[in-house]
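1. Need coordinates for the below:
(2 chains)
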Amino acid sequence: MSKALPANLEQIEVNLKKLTNQRTRSSLLGIAILILVFFGGTLVSLEANAGSFGRGIANFFNYPRDLFVDTFEMGWKYWPRVIKYIPELIITLNIALFSTSIGFVLAVIFAIFSSRNLIRNKRVIQFTKFFMDVTRSFPTLIIAMVFLYLMGKSSLPAVIAITIHTAGALGKLFTEAIENCDGKPIEGLSSVGATWTQKIRFSVLPQVLPLFLSYGILRLEINVRESTILGFVGAGGIGELLAALIQWNYGADVLACMFLLVGTIIALDYLSAYWRHKLIGVNQ
Amino acid sequence: MSSSLAIERDNILKLFPDTFKQARKSRLKGQIIFFLIILYLIVGFFTLDVVDIPKKWKPQNAAMFALDTYAHKDHVTMKWENHGDIKIAFEGSYRSVYGRDNLDKSIPDWFYKNSDNVGNVVEFNNKGKAILYKDRVEIVNFPKYERDFTIKLNTNGKPYLVGSEDLAEDDLKGFRITENRVEFRPTLYERIQVYPRKVEIHRYSIGWKYFWFDFSSPLEPYSFFEALGLTFSKERVVPEMSNLKLFFTEIKDNEAFMHGRVWWAMLETIVMAVLGTMFATVMALPLSFLAAYNVTPIKALRFTLRRLFDTLRGIDFLIWSLIFLRAFGPGPFTGIFAIGFTDTGTLGKLYSEAIENTEKKQQEGVQSTGASKFLQHRFGIIPQILPIFVSQSLYYLESNTRGAVIIGAMGAGGIGLQFLGALGTGNDFENVAYMAILVLAAVIFMDRLSAWLRRILIGSDQLIVR
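-> Predicted coordinates:
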């Protein structure tokens, strides 16, 4: 045994060297690819950008400064304006909340039909998964623009677009949650002769509901941002207002809208973290 | 049996009254929440005008939109005052007229002289025919129609359907007759309109015509593969350039589908997403170390950085892109920095949480060898968090691709702006469909790419959250 050790040590050294070399080589390759992508992308950007990069950096603070200067000139008259825009904010929140709720329900249905431990038919699972992939991959803006074109200006296209996207995005997460849940309660219920719906109601649902709600709250936060953006292209709410104010160059009002938005998003961020913490005990 | 069960139940109820009271209470809570949600949905239903969907939904518009995304049409126009000069144009554009002198573009074979050598026949795909004469239009041979029709101008110069008074409503299916127009549209694919001054016929066919080579291209007579074959032949199609060069320039400069411009825009969008994510990763990496309590002892610095992350994230890429749009003008830099700034906040928060959740033992092991603080972090923390970093960054790459499309549509350029442009023209819906498919493909591609990279880099394509 003790005689064999030196030979083994040598072998270990050789292997170590080989491994280190291999790792170094793949790291270098990765870094080279990253640098290549970086320079290629920069070249494309420089080619496609209208203004020059240097002037852009120099001008970066101009617009925010103009906004703040406008605001300070108004003095105390400013605050009533901020309050004036709250109803528009509520429209945006309403769009987000409503479409998240409907999307949530649709996602639960999709998830049930795409979970391997609930459905035996492989075709159904594949089809539902593909359908969710497609609905998830379209940017909401594209769906909303098409519906805006077809239905005219209103909040409905935003509701439809966000609902479709939410159903796909949540559906994927819900499927994972259902597929990862403990199979024993299902077996237990099967052993006493429960029907398919009873099994879902009493074994799967209690396990996944906290997770579902947690994902749903996270989605709500994302959807508030989305509905603001869709407002920008004509779906109403604070986004549309902001777009108009920017066009008219009302600096102080633009800043008021931005404050409302940022305040809402940060508040929602904290709230959703708190709720999710309460629901599933971890703050992921 | 059942009575003994009931007795047993009562016994259990008596033994553990608190447990059952609590269960009832929590069930009631659930019911109240459920009721409130239903109440909100009803309120939302009315405040958001969801009830108006049937009123706002215009099936005619939607059908036209859907039809135009997968079909193309040719216009045949005849002016009554000059009935010999019949114009046939692709999609009605004055730039793509068949049989014009300066273009070597022959008249399509569905347009020919009638057997009586007087009328001109437009034959539809369903074998139905419209025959144009100098004083009338005859509609013959349409499937599902037992009779033929004739449309004439009356003495006041208004169009009318000959003998329409004698026909039952059922025979007049597909006709729409107003004072100044007689329209015949049996299906979506055939449309004949007669006005006091002219006759206009739309003939639809399925498919994207001129997808590879546009109307006036010298390669148009060839199919894609024939043209590809031509690139290997020495005989030049046009004397100015080689066939290979011609092949690529003709595809690139296609006027109908604008491949060159669309693909360049797609590249811009992807560059925005990739460089934006790279920017955010590079910024967030050092900052997250400074914001983690097990690396940075200074509480004030940690607090400041945490709030900085919250602010960057809270400002949202919409507002960032508005600010950068003013500074950089339309172009990828706006998108790169908007995505980069927002994600510096998101990734910074996630990274610093990951650093705080690392095992202390590995760092202590390195410390026991007498290593400096820097080396402790390098060998004690980084190997633990690297997979999480890579996984998180790659995960955001996919959603940033979607974000880049949106930023583009708000003015930064790229495929988003092209899409808005095509939708805005109101009739290039095949381009709208083409770009929507491209965006879909790009997002799915980025999703798969990031999953693949995660798999080969860290051995698992699931998002790692610690």
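2. Show me what from the stretch 101-250 of chain A comes close to chain B.
-> A:101-102, A:133-134, A:137-142, A:145-146, A:149-152, A:154-156, A:159, A:225, A:228-229, A:232-233, A:239, A:246 (Cβ under 8 Å from any Cβ of the partner chain). Where C-beta positions appear, they are placed from N, C-alpha and C, glycine not excepted.
3. Which of these fall in strands?
-> Counting by DSSP state E, those place none of their members in strands.
4. out of these, which are buried?
-> Listed as buried from those are A:101-102, A:133, A:137-142, A:145-146, A:149-151, A:154-156, A:159, A:225, A:228-229, A:232-233, A:239, A:246; burial here means 16 or more other Cβ atoms under 10 Å in any protein chain shown.
5. low-scoring stretches of chain B, by residue?
-> Applying pLDDT under 70 to chain B flags the ranges B:1-2, B:100-105, B:460-466.
6. How about the residue in it that chain A sits nearest to, nearest residue that isn't a chain neighbour?
-> Nearest residue of chain B to chain A: B:Gly331, at 3.0 Å (Cβ to the nearest Cβ). Residue nearest to B:Gly331 in three dimensions, not counting chain neighbours: A:Asn49, with 3.0 Å by Cβ to Cβ, 6 or more residues apart in numbering or on different chains.
7. What confidence value was assigned to the one you found?
-> Looking at A:Asn49, its pLDDT is 77.
8. is it true that it touches B:Gly329?
-> Yes. Applying Cβ atoms under 8 Å as the test, A:Asn49 and B:Gly329 come out as touching, 6.8 Å apart.
9. residues shared between the contacts of the two?
-> Common neighbours of A:Asn49 and B:Gly329, using Cβ atoms under 8 Å, 6 or more residues apart in numbering or on different chains, are A:Gly56.
10. Write out the residues of the stretch 1-150 of chain B neighbouring chain A.
-> Within the stretch 1-150 of chain B, the residues that sit near chain A (Cβ under 8 Å from any Cβ) are B:37, B:40-41, B:44-45, B:47-50, B:52-53, B:56-58, B:61-62, B:65.
11. residues in contact with stretch A:109-127?
-> A:128-129, A:131-132, A:167-168, A:170-171, A:174-175, A:177-179, A:181, A:183, A:186, A:196, A:200, A:204.
12. Which stretches in chain A count as helices?
-> A:4-48, A:53-59, A:62-74, A:78-84, A:86-113, A:122-137, A:140-151, A:156-179, A:184-191, A:196-199, A:205-230, A:238-248, A:251-280 (DSSP state H).
13. show me what contacts residue 85?
-> Looking at chain A here, since you left the chain open. By Cβ under 8 Å, 6+ apart, A:Tyr85 lies in contact with A:Ile238, A:Leu241, A:Asp253, A:Ala256, A:Cys257, A:Leu260.
14. oops, I was thinking of chain B
-> Taking Cβ under 8 Å, 6+ apart as the test, what B:Asp85 contacts is B:Met78, B:Lys79.
15. Isn't the residue of chain B closest to chain A up against A:Ala50?
-> Yes. Contact criterion Cβ under 8 Å: B:Gly331 and A:Ala50 qualify, at 5.1 Å.
16. Looking at those two, which is more packed in?
-> A count of neighbours by other Cβ atoms under 10 Å in any protein chain shown puts B:Gly331 above the other of B:Gly331 and A:Ala50, at 27 against 13.
17. next one: phi and psi at the more buried one?
-> Torsion angles at B:Gly331 (phi, psi; degrees, to the nearest 10) stand at phi 150, psi 170.
18. quick one: contacts for it?
-> Counting by Cβ under 8 Å, 6+ apart, B:Gly331 touches A:Ser45, A:Ala48, A:Asn49, A:Ala50, A:Gly51, B:Glu268, B:Ala412, B:Gly413.
19. wait, which of those is closest to B:Met241?
-> For the contacts of B:Gly331, the residue nearest B:Met241 by Cβ to Cβ is A:Ala48; the value is 26.3 Å.
20. how near is that closest one to chain B?
-> 5 Å (Cβ to the nearest Cβ, to the nearest Å).
21. Can you report how many residues neighbour that residue?
-> A:Ala48: 20 surrounding residues under other Cβ under 10 Å.
22. cool, and B:Val274?
-> Residues lying near B:Val274 (other Cβ under 10 Å) number 21.
23. Can you classify it as helix, strand or coil?
-> helix (DSSP: H, G, I helix; E, B strand; the rest coil).
24. Am I right that it is in contact with A:Val37?
-> Yes. Taking contacts as Cβ under 8 Å, B:Val274 lies within contact range of A:Val37: 6.3 Å.
25. So B:Glu8: helix, strand or coil?
-> Judged by three-state DSSP, the three-state class of B:Glu8 is helix.
26. so how many other residues sit close to it?
-> By the criterion of other Cβ under 10 Å, B:Glu8 has 10 neighbours.
27. Could I get the contacting residues of whichever residue of the stretch 1-150 of chain A sits closest to chain B?
-> Nearest residue of the stretch 1-150 of chain A to chain B, counting by Cβ to the nearest Cβ: A:Asn49, 3.0 Å away. For A:Asn49, the contacting residues are A:Gly56, B:Phe328, B:Gly329, B:Pro330, B:Gly331, B:Pro332, B:Phe333, by Cβ under 8 Å, 6+ apart.
28. who wins for neighbours among the residues you listed?
-> With neighbours defined as other Cβ under 10 Å, the most crowded of the contacts of A:Asn49 is B:Pro332; it has 31 neighbours.
29. I'd guessed that residue sits against B:Glu268; true?
-> Yes. At 5.1 Å, B:Pro332 and B:Glu268 qualify as touching, with contact defined as Cβ under 8 Å.
30. so what's in contact with those two at the same time?
-> In contact with both B:Pro332 and B:Glu268: A:Val44, A:Ser45, A:Ala48, B:Gly413, B:Gly414, using Cβ under 8 Å, 6+ apart.
31. Run the chain-centre distance for the host helix or strand of B:Gln60.
-> In this assignment (DSSP states H and E), B:Gln60 forms part of helix B:59-70. Helix B:59-70 sits 15 Å away from the centroid of its parent chain (Cα atoms, centre = their mean, to the nearest Å).
32. how much does that helix deviate in direction from helix A:140-151?
-> Interaxial angle of helix B:59-70 relative to helix A:140-151 (axes from the mean of the first three to the mean of the last three Cα atoms, to 10 degrees): 130 degrees.
33. before we move on, back to that, list buried residues within the contacts of stretch A:109-127.
-> By neighbour count, with 16+ other Cβ under 10 Å, the contacts of stretch A:109-127 hold A:128-129, A:131-132, A:167-168, A:170-171, A:174-175, A:177-178, A:181, A:186, A:200, A:204 as buried.
34. Now for these: which two are most distant?
-> A:Gly168 and A:Ile186 (26.0 Å).
35. Just the CA coordinates for stretch A:211-225, please, in PDB.
-> The C-alpha trace of stretch A:211-225 is given here as PDB (Å, rounded to 0.1, in the frame of the first residue of the first chain):
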ATOM      1  CA  LEU A 211     -47.100  28.700  -4.100                       C
ATOM      2  CA  PHE A 212     -49.700  29.700  -6.700                       C
ATOM      3  CA  LEU A 213     -50.700  32.800  -4.800                       C
ATOM      4  CA  SER A 214     -47.100  33.800  -4.300                       C
ATOM      5  CA  TYR A 215     -46.400  33.500  -8.000                       C
ATOM      6  CA  GLY A 216     -49.600  35.400  -8.700                       C
ATOM      7  CA  ILE A 217     -48.600  38.300  -6.500                       C
ATOM      8  CA  LEU A 218     -45.200  38.500  -8.200                       C
ATOM      9  CA  ARG A 219     -47.100  38.500 -11.600                       C
ATOM     10  CA  LEU A 220     -49.300  41.300 -10.400                       C
ATOM     11  CA  GLU A 221     -46.300  43.500  -9.700                       C
ATOM     12  CA  ILE A 222     -45.000  42.800 -13.300                       C
ATOM     13  CA  ASN A 223     -48.400  43.400 -14.800                       C
ATOM     14  CA  VAL A 224     -48.600  46.900 -13.200                       C
ATOM     15  CA  ARG A 225     -45.500  47.800 -15.200                       C
END
